[in-house]
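Colleague: 3D, please:
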Amino acid sequence: MMGLLDLRTPPGEPTNYPLAWQRDGATVVAGLVRAGQVEVARQLAVYFAENDFFGGFGAEGDAPGQGLRVMEDVAVRVGDPGFDARLWPHARRKVELILRMASTDRPIRMPYVGPIVPINQKRDDLDLVCEPAKDGRIVGRMDFGRPVSYVTGISYRGLVSAAALARRLKHDEESRRWLDAADRLRQAWLRAPQWGEDRTYISGLWPTWAAAPIKEEFGDRLGARSDPARYLPWTYFGAAVAHQWLPLGRPERAWESLGWFWDHQTSPGLYTWWEGDGEENTFHLWEGIRGWVKPPHITPHYWTAGEILALQVEMLAYVDESGPEPVLVIGGGIPSPWVDRAMSARGLPTSLGVVDWSWKDRRMEVHVSGSKPAIRLGPSFVAATR
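Modeller: Sure, this is the predicted structure:
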């Protein structure tokens, strides 16, 4: 929260990143809203709703999906019909963008807002959102590459998010149509996942759930890619991979990664991490004021912080969306030795309601405000738990 720019979400330390960036900001908001900063997240979500493309590389292909993901992530926890109604016209516009991207036979170019990283300002592809679609998948531009699985998966998540908003507002026809379109995107993703692309592994289950039908295969392939050091200097990739182990029912693997991050802080005890070798994507604003003659990296980096925060909260309670109906999972990240002691958690905002739970005398008591979801306990609790 210290790094916010008014109501915008920079990727990292604001003197290096004096702008909002959609992809990084989506994870910042995901962490904040799960950690109970719902009102802050509500204010931040408006910028994502009102602006379709923003960030230091221009109009990127994952932007509409990221925007819809943020809007629903926040709106479902705010629980205000008036806020839903405010988001509605923006949701429809972003959905139409995704549908165009998924079926286009020519490149799509769109305007964007905000500054561009100086070294890239003269590029001629800053407004290029995507190339022609291929086999139902979105060939979107991201980081000046074409990570088709990532862009298609995030777009799938965006359509599912928009359909949930439509359902709450009683726009049932749009909800059904958008879910059908989402299913087509997921099927296209499943036909040809980019197993050689790192971005596939940072998004397969969290936050998209695109890989849910092939959960076991995804987990098997993920095993060789779980070491956070593999992704350096991009710490947020390793943090996102760690989150995948939670819905895979392997909390011990998530703990291994968390331990690595806690042991490799840029400022020990302050839980800050880094990006890049040197001043990545610099705007040349801090050389004269920071007192660091040759910075080795950007720090703090908020995409990483958002990933770690969201994972830690969801280890207490998260919603499993891998099946036909959502299931509230309690204590999915609790280690087995903890089960021998009393525990409790309070005020956890989930998409199924605010969750309180208490574990005592081998009995789990769960209170959920707003709904009566199916509930499952994490793998450290025995099946016969009351």
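
Colleague: tell me which stretches of the stretch 151-300 of the chain form helices.
Modeller: All helices of the stretch 151-300 of the chain, identified by DSSP state H, counting those that start in this stretch, fall at 172-191, 198-201, 215-222, 235-244, 251-263.

Colleague: dump those into TSV; add mean pLDDT, distance to Ala63 and mean neighbour count as well.
Modeller: Where C-beta positions appear, they are placed from N, C-alpha and C, glycine not excepted. TSV is the format used below for these (pLDDT from 0 to 100; distance: least, C-beta to C-beta, whole Å; neighbours: other C-beta atoms under 10 Å):
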stretch	mean pLDDT	distance to Ala63	mean neighbour count
helix 172-191	98	16	17
helix 198-201	97	15	22
helix 215-222	97	25	16
helix 235-244	98	17	26
helix 251-263	97	27	16
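
Colleague: my read: Gln194 touches Thr200, true?
Modeller: Yes. Look at Gln194 against Thr200 with C-beta atoms under 8 Å: they come within range, at 5.0 Å.

Colleague: find residues that contact each of these two.
Modeller: Counting by C-beta atoms under 8 Å, 6 or more residues apart in numbering, the shared contacts of Gln194 and Thr200 are 147, 149-150.

Colleague: now do the contacts for Pro115.
Modeller: Contacts of Pro115 (C-beta under 8 Å, 6+ apart): 18-19, 56, 283.

Colleague: which strand or helix spans it?
Modeller: Pro115 belongs to no helix or strand when assigned by DSSP states H and E.

Colleague: that one and Trp234: what is the separation?
Modeller: 22 Å (C-beta to C-beta, to the nearest Å).

Colleague: farthest-separated two in the contacts of Pro115?
Modeller: Spatial extent of those (C-beta to C-beta) is set by the pair Pro18 and Gly56 at 9.7 Å.

Colleague: pLDDT at the closest residue to Ala20 other than its chain neighbours, what is it?
Modeller: Excluding the flanking residues, the one nearest Ala20 by C-beta to C-beta, 6 or more residues apart in numbering is Arg8, at 3.7 Å. We have a pLDDT of 96 for Arg8.

Colleague: correct me, but Arg8 touches Val46?
Modeller: No. Here Arg8 does not reach Val46: they are 10.5 Å apart, not a contact under C-beta under 8 Å.

Colleague: tally of neighbours for Pro132?
Modeller: 12 (other C-beta atoms under 10 Å).

Colleague: contacting residues around Arg137?
Modeller: For Arg137, the contacting residues are 102, 148-149, 152, 185, 188-189, 192, by C-beta under 8 Å, 6+ apart.

Colleague: repeat that for Thr272.
Modeller: 265-266, 299-301, 305.

Colleague: out of those residues, who has the most neighbours?
Modeller: Counting neighbours by other C-beta under 10 Å, His301 leads these with 30 neighbours.

Colleague: you'd agree that one is up against Pro11?
Modeller: Yes. Between His301 and Pro11 there is a contact under C-beta under 8 Å: 6.6 Å.

Colleague: shared neighbours of these two, which are they?
Modeller: Glu275.

Colleague: how about the contacts of Thr272 in TSV, adding pLDDT and distance to Arg23?
Modeller: Shown next, in TSV, are these (pLDDT from 0 to 100; distance: C-beta to C-beta, whole Å):
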residue	pLDDT	distance to Arg23
Gln265	96	23
Thr266	93	21
Thr299	91	18
Pro300	93	17
His301	95	12
Ala305	97	14
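
Colleague: for the longest helix along the chain, give the mean pLDDT please.
Modeller: Identified as the longest helix of the chain according to DSSP state H is helix 81-103. Average pLDDT, helix 81-103: 98.

Colleague: and the next helix or strand after it, what does it pack onto?
Modeller: On the C-terminal side of helix 81-103, the closest following helix or strand by DSSP H and E is strand 108-109. Strand 108-109 sits against strand 128-130, with contacts defined as 3 or more C-beta pairs under 8 Å, 6 or more residues apart in numbering; DSSP states H and E.

Colleague: what pairs with Val327 across the strands?
Modeller: When bridges are called by DSSP bridges, Val327 pairs up with Asp320, Ala374.
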